[in-house]
Structures are given as C-alpha cells and as structure tokens.
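[1] Sequence and predicted structure below; questions after.
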Amino acid sequence: MKVLVPVKRVIDYNVKARVKADQSGVDLANVKMSMNPFDEIAVEEAVRLKEGKEHHAAGTATEIVVVSIGVTQAQETIRTALAMGADRGVLIQSDTDLEPLAVAKLLKAVVEEEKPDLVLMGKQSIDGDNNAVGQMLAALLDWPQATFAGKLVIEGGKATVTREVDGGLQTIAAELPAVVTVDLRLNTPRYASLPNIMKAKKKEIAMKAVADYGVDVADRLKVLKVTEPPKRAAGVKVESAAQLVESLKSAGVL
C-alpha cells in the first residue's frame, strides 16, 4: 500500500506570530519555521503503518511519499519527514501561500500521478486554520473521507477511523482509496535520530513547479486585514465569595 502524506512549512508553534505593520499578513522574516504539527502526526502514523508499530501489521504501508507545496526552503520540512521514515518527497515550488482549493487541486494532480491507496494528512495547518484541504481533496477525487482521526486501523481494504465528536467517539469505515485527516490524539511523533537525519539527505526529493500540473490556482479570496487579538484586561481580586457573586451580577454574568 502506498501512502501519500502532504506536509506544510509553517511558523513553529512555539513562536509568537507578529502581524505586519500594514496589516496585510503575518511577518515571516527571521522567524523559526517547522513542519505543521498535525502533518507531523500524519507522517508518524504512516511510518507506523510501515513498521508495524502499535496495532498495525508490519508492512501495511510499503511506500511513503511526502509532498509539500511552498518555497524552496520547504525542502527542510520534507527532509524532516524523510528522517522520520518516509521514502521520498515531492516539492511543488510556489512563492505564494496558495488557498485551500488551489492546494487541493494540486494534490489531486499528485494523487493521479502517484496513485496512492491512502492520503494521510493533518486536519488543518496552524497558520491558516482553514481545515478545508482534506475535505476538498476527497470531493475532487470522489474518494471517501474520514476526518479528525484519533485512531486508524487499516484492514481488509478498509480504513476504520475513530474520531471525537461532541457526544463522545464515532467510528466509521471507508473503503480504500480514501482521504484521512488526523487529530492530535492519534499519536506522539518521534524525534528523528542523527543517523536517520544523515540518511534523509540521500533520499530523493523531486522538484516540481505549479505549472507542471496545469491546474488553476488563482485566488478566490481577498484578505482585507490581519490584526492581533485584543489584549486581555487585568483581572479583579475579590475578598470573599459574596463579593465575587456581587461582581458577577454587576457585570451581567449572573
């Protein structure tokens, strides 16, 4: 079984994002970048499918292909995935941050070229927080989809996914090929060892251009303004429970 894992280069989750002075977007200058955390979980699960870790049978996945769309430096993100255990990578070079629909169209073209049995991807990226590409990709491919996976079992040509919903847990089964998006509770990604980091430098990364796929990636949306969230007001200390109740009443909470 071939697994395709899309990954994205984003601002490291430990870094506080800064808005540009003209409010046109987030300032990326001299900022630490890393793999989107949800994508890292997807890579880890794909490697476990290959290794036979946890509840997976060894060799469930035979090849793991990682694809990223972005600037040349996104090769570093792909190398991280290769060091974790992926087999090869594809970088579609783009100097602009494409909208979810454009990303889904490009991934559809990659899927048609690579012919994977499973697309395993993060449920969303932590920069745009759109949570849209996986669903759009499944619709374009006319494939089954299972989102927010907290547990994944591949057996008998099916992907069985347990996902969190408001009322508890929901388990669904999708015939392969399918698109599965992963949530935080699926696994804890490994740290790549030094030997594997060195091996990753020799693994193949195919360099592509957006134009190679012949898809329309024109923007459909316009960002009007990006602002930082308002600063939290200082709290108030109360001396007793009665004063707390009185303060809540005066604030209209009770």
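    On my side now, so go ahead.
[2] for the top strand by length along the chain, which positions count as buried?
    Ranked by residue count and defined by DSSP state E, the top strand of the chain is strand 145-155. Buried residues in strand 145-155, counted by 16 or more other CB atoms under 10 Å: 145, 146, 147, 148, 149, 150, 151, 152, 153, 154. Quick note: C-beta positions are derived from backbone N, CA and C, even for glycine.
[3] next helix or strand past it?
    Using DSSP states H and E, the helix or strand that follows strand 145-155 towards the C-terminus is strand 158-165.
[4] returning to what we had before: mind putting the buried residues of strand 145-155 into JSON lines with pLDDT and distance to residue 165?
    Converted to JSON lines, these look like this (pLDDT from 0 to 100; distance: CB to CB, whole Å):
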{"residue": "145", "pLDDT": "97", "distance to residue 165": "15"}
{"residue": "146", "pLDDT": "96", "distance to residue 165": "12"}
{"residue": "147", "pLDDT": "95", "distance to residue 165": "11"}
{"residue": "148", "pLDDT": "95", "distance to residue 165": "8"}
{"residue": "149", "pLDDT": "96", "distance to residue 165": "12"}
{"residue": "150", "pLDDT": "95", "distance to residue 165": "10"}
{"residue": "151", "pLDDT": "96", "distance to residue 165": "13"}
{"residue": "152", "pLDDT": "96", "distance to residue 165": "16"}
{"residue": "153", "pLDDT": "95", "distance to residue 165": "18"}
{"residue": "154", "pLDDT": "95", "distance to residue 165": "22"}
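[5] neighbours of residue 3, just the number please.
    For residue 3, the neighbour count with other CB atoms under 10 Å is 28.
[6] thought it was touching residue 47?
    No: counting by CB atoms under 8 Å, residue 3 stays clear of residue 47, with 9.3 Å between them.
[7] Need the overlap of contacts for these two.
    Common contacts of residue 3 and residue 47, defined by CB atoms under 8 Å, 6 or more residues apart in numbering, comprise residue 64.
[8] Now do the strands in this structure.
    With DSSP E applied, the chain shows strands at 2-7, 9-11, 18-19, 26-27, 33-35, 63-70, 88-93, 118-122, 145-155, 158-165, 168-175, 178-182, 205-209, listed in chain order.
[9] which one of these lies closest to residue 43?
    strand 2-7 (5.4 Å; CB to CB).
[10] could you list every residue that touches residue 136?
    Contacts of residue 136 (CB under 8 Å, 6+ apart): 100, 101, 104.
[11] Residue 4 and residue 32: what is the separation?
    Applying CB to CB, to the nearest Å, the value for residue 4 to residue 32 is 27 Å.
[12] make that residue 163, sorry
    In terms of CB to CB, residue 163 sits 31 Å off from residue 32.
[13] now the helices for this structure?
    37-51, 74-84, 100-114, 133-141, 194-200, 241-250 (DSSP state H).
[14] could you give the angle of the fourth one to strand 118-122?
    An angle of 150 degrees separates the directions of helix 133-141 and strand 118-122 when computed by axes from the mean of the first three to the mean of the last three CA atoms, to 10 degrees.
[15] I'd like the distance from helix 133-141 to the chain centre, please.
    Taking CA atoms, centre = their mean, to the nearest Å, one finds the center of helix 133-141 at 14 Å from the center of the full chain.
[16] Give the buried residues for it.
    Buried residues in helix 133-141, counted by 16+ other CB under 10 Å: 133, 134, 135, 136, 137, 138, 140, 141.
[17] The second one too?
    The neighbour-count criterion (16+ other CB under 10 Å) identifies 74, 75, 77, 78, 79, 80, 81, 82, 83, 84 as the buried residues of helix 74-84.
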